[in-house]
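Peer 1: Here's my sequence, what's the structure:
(chains A and B)
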Amino acid sequence: MKSLYRQLSSIKLTIVLTYLIVSVTVTGSFALLSNKEDFEAIDESLLIDWVWATPLSSAWWIILLVLLVFIFSLNTIVCTFDRLSSLFKVWSKGRKAENDEEETLVTQEISRGKGVRIRTLLPYIAHAGFLIALAAHLTGSIWGFRGDDFAAAQGDEVEIKELAGFSVKVGDLDMVVGKRGYPETMWGDVSLLGGGKEIKRQRVEINSPLIYKDIAVYIKNVQSVPKGIVLKKSDKEGEGTFLLAQGESVHLGSGELRLVGGRMDSRYGAMELIFIEKGKIVEKRWISPYNQRFKLIKFRDIHLSAEDIKSAPVGSFSVNRDPGARILFLGLFIFAASLVAHLFFRRSK
Amino acid sequence: MQYTANLFSIAALLLYSVSFAVSLWKFVKGDSRPFLSRLLLLIAIAIHFVALILRSYYVGHAPMANLYETLLFFSFSVSLATLVYNFRYKVGIMELISIPVASGLLAFAISVDHKFTPLFLALKTIWFEVHVMASFAGYALFTVSFAAAFFFLCHMKRDPVKSKVYEEIVNSSNVWGFSFFSLAMFSGAIWAYLAWGNYWFWEPKTLWSFILWFYFAGIVHGHYLKSWRGKKVAWMTIFGFLVVIFTYVGVGLLMKSSHKL
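Peer 2: Here you go, the predicted structure:
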């Protein structure tokens, strides 16, 4: 037991584990490229779920990495405890360090009678921050979830299937495209509902999700989705303009005209029409008001001209839950702050 | 504007080369007065800084969004870190390694495509600047520690007094570099959480950043161990520079990563 404690409290073990972790991750980074299919879903699901669902031939290095990080955490805990207690002994008894492991820069300093100062404790505070972040990551990996992307238009309410009683309601949506044709901003007015009541409402943008406790709602994209087309019909009976909505049909001569689909990007669009006669599709055509080649079509003796495409913005959203996220950031903050403070004290020395 | 920025970059490159030539000349002559090379380096850094400002003005954001801009910034960071350590420890010899590295990066920057790259929406956040600046500060400090480690090994037997100074530079720049890189990991995690809903991604660049972070964590711990201090830490630091270069350019060029730079 004493030998195990001595092993676990060793800085040598820390260094060995560090380089083992590095080696496994290097191997893993190449394995990631050679088994792409197995790793496609890794970022979309919880690590624990992914490991269960993936063949060992692909997941082995992640399991090994988790194991090594676990031993590394144990090493950090035991080492921190051991250094603090040995530091206390050296400080209280005024003796010199006894061995290589014990003789760190701080114990040397204490041995020289400089006492315990904040700087002395900062590396151990950094260790605590690292451990907090690691524990928080573990919490998120077990009790969190990463929801699938879902599409929602203005006014839609979508239930969060992983969270009973919770839903997301979408208000206004928009995307602004800059002069060079690239999106400059995209946003959605989003409400998180719990038990039918609005819990939180926010304008959600890229880099600015709606965060309520450990639940976060993200906007991934906003697109214009074609909803219908304005067509001008001319035949021997005369001219007329009408709106044909997605999936709807109108009588046209001896047959029927139906709008079956469409495509849009930030500026242009085209719609797909089918002509049906006696229950059979006799022609399929694309029509677009933005392109002269596709603006006019003729079916039997009827001329159709595309005048406008009616579209509506549809957002792509996702909902994640990570009970460890805030604690993880707290741990990382403690870690980074104690490192910076350590540097400050180094400098003042 | 871009043309002017490029002229400033070329001027900075020329001055870095002259500064290196002067340092080399003084090294060969055994002259330890660093005034002239230090002055040239200072002017080169100032001109390089103007090139960065002009580029920022031209593209409308911090110049860190594509290979050209990051090379320009990385090179600047290496030169600046070299100058800081040059003043702090009064050793000019490290420039013999770090300035060729900075010049090489700058020459590479001048040779690659300079075209304007619009920022993705996810990059329009303060976390982008914090993350990239902290990363390159880390890379630059690891470059300085690489140079110091090399000269530590060279002086270890011949001149123990000088080697102590280089050892101190190795330790200091490793700890500073590790701290900046930790800040980069920290800000990157927050940014990824806010932009994509996940603070960690299993993709090559994130993994190699983790590798670099852990690698230098090992070196920093090595410094606390008597038997590792000095030679072992110096060798690990030299190898660490290869990890830095691979993490920065190797991953983007050799491994298909969504996070190229």
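
Peer 1: so where do the helices sit in chain A?
Peer 2: Applying DSSP state H to chain A gives helices spanning A:2-8, A:11-34, A:36-39, A:47-53, A:56-93, A:105-111, A:118-143, A:292-295, A:325-348.

Peer 1: Chain B: which of those is closest?
Peer 2: Ranking the helices of chain A by proximity to chain B (Cβ to the nearest Cβ) places helix A:11-34 first, at 3.5 Å. Using the backbone N, CA and C atoms, a C-beta is placed for each residue, glycine as well.

Peer 1: between that closest one and helix A:56-93, how many degrees?
Peer 2: 160 degrees (axes from the mean of the first three to the mean of the last three Cα atoms, to 10 degrees).

Peer 1: any low-confidence regions in the chain?
Peer 2: By default, I'm working from chain A. A:90-91, A:93-118, A:180, A:266-267, A:346-349 (pLDDT under 70).

Peer 1: that's the other chain; I wanted chain B
Peer 2: In chain B, residues with pLDDT under 70: B:1-2, B:255-261.

Peer 1: give me the residue from it nearest chain A.
Peer 2: B:Gly218 (3.5 Å).

Peer 1: Verify the contact between that residue and A:Tyr19 for me.
Peer 2: Yes: in this structure B:Gly218 lies within contact range of A:Tyr19 using Cβ atoms under 8 Å: 5.7 Å.

Peer 1: Same drill for these two, tell me which one is more crowded.
Peer 2: Higher neighbour count among B:Gly218 and A:Tyr19: B:Gly218, with 22 against 14, using other Cβ atoms under 10 Å in any protein chain shown.

Peer 1: nearest residue to that one other than its sequence neighbours?
Peer 2: A:Thr18 (3.5 Å; Cβ to Cβ, 6 or more residues apart in numbering or on different chains).

Peer 1: cool, and A:Tyr124?
Peer 2: In space, A:Tyr124 comes closest to A:Thr80 once its chain neighbours are excluded; the distance is 5.0 Å by Cβ to Cβ, 6+ apart.

Peer 1: Distance check, the one you found against B:Trp228.
Peer 2: Between A:Thr80 and B:Trp228 the computed distance is 19 Å (Cβ to Cβ, to the nearest Å).

Peer 1: Over to B:Val59?
Peer 2: Separation of B:Val59 from B:Trp228 (Cβ to Cβ) stands at 44 Å.

Peer 1: now B:Ala51
Peer 2: On the measure of Cβ to Cβ, B:Ala51 and B:Trp228 end up 41 Å apart.

Peer 1: for B:Leu80, same thing?
Peer 2: 29 Å.

Peer 1: what number of residues lie near the nearest residue to B:Leu123 once chain neighbours are set aside?
Peer 2: Once flanking residues are discounted, B:Leu123 sits nearest to B:Ala65: 6.4 Å by Cβ to Cβ, 6+ apart. For B:Ala65, the count of nearby residues is 19 (other Cβ under 10 Å).

Peer 1: Check the secondary structure at B:Ala65 for me.
Peer 2: coil (DSSP: H, G, I helix; E, B strand; the rest coil).

Peer 1: That one touches B:Arg55, doesn't it?
Peer 2: No: in this structure, B:Ala65 is not within contact of B:Arg55 by Cβ under 8 Å, at 10.2 Å.

Peer 1: what sits against residue 138?
Peer 2: Because you didn't say which chain, this covers chain A. A:Gly324 (Cβ atoms under 8 Å, 6 or more residues apart in numbering or on different chains).

Peer 1: Actually, chain B is the one I wanted.
Peer 2: B:177-178, B:180-181, B:183-184 are the contacts of B:Gly138 under Cβ under 8 Å, 6+ apart.

Peer 1: Which elements pack onto the lengthiest helix in chain B?
Peer 2: In chain B, assigned by DSSP H, the helix with the most residues is helix B:160-196. Secondary-structure packing of helix B:160-196 (3 or more Cβ pairs under 8 Å, 6 or more residues apart in numbering or on different chains; DSSP states H and E): helix A:325-348, helix B:67-89, helix B:126-155, helix B:204-223, helix B:231-245.

Peer 1: List the buried residues of it.
Peer 2: Residues B:162-163, B:165-167, B:169-196 are the ones in helix B:160-196 that count as buried (16 or more other Cβ atoms under 10 Å in any protein chain shown).
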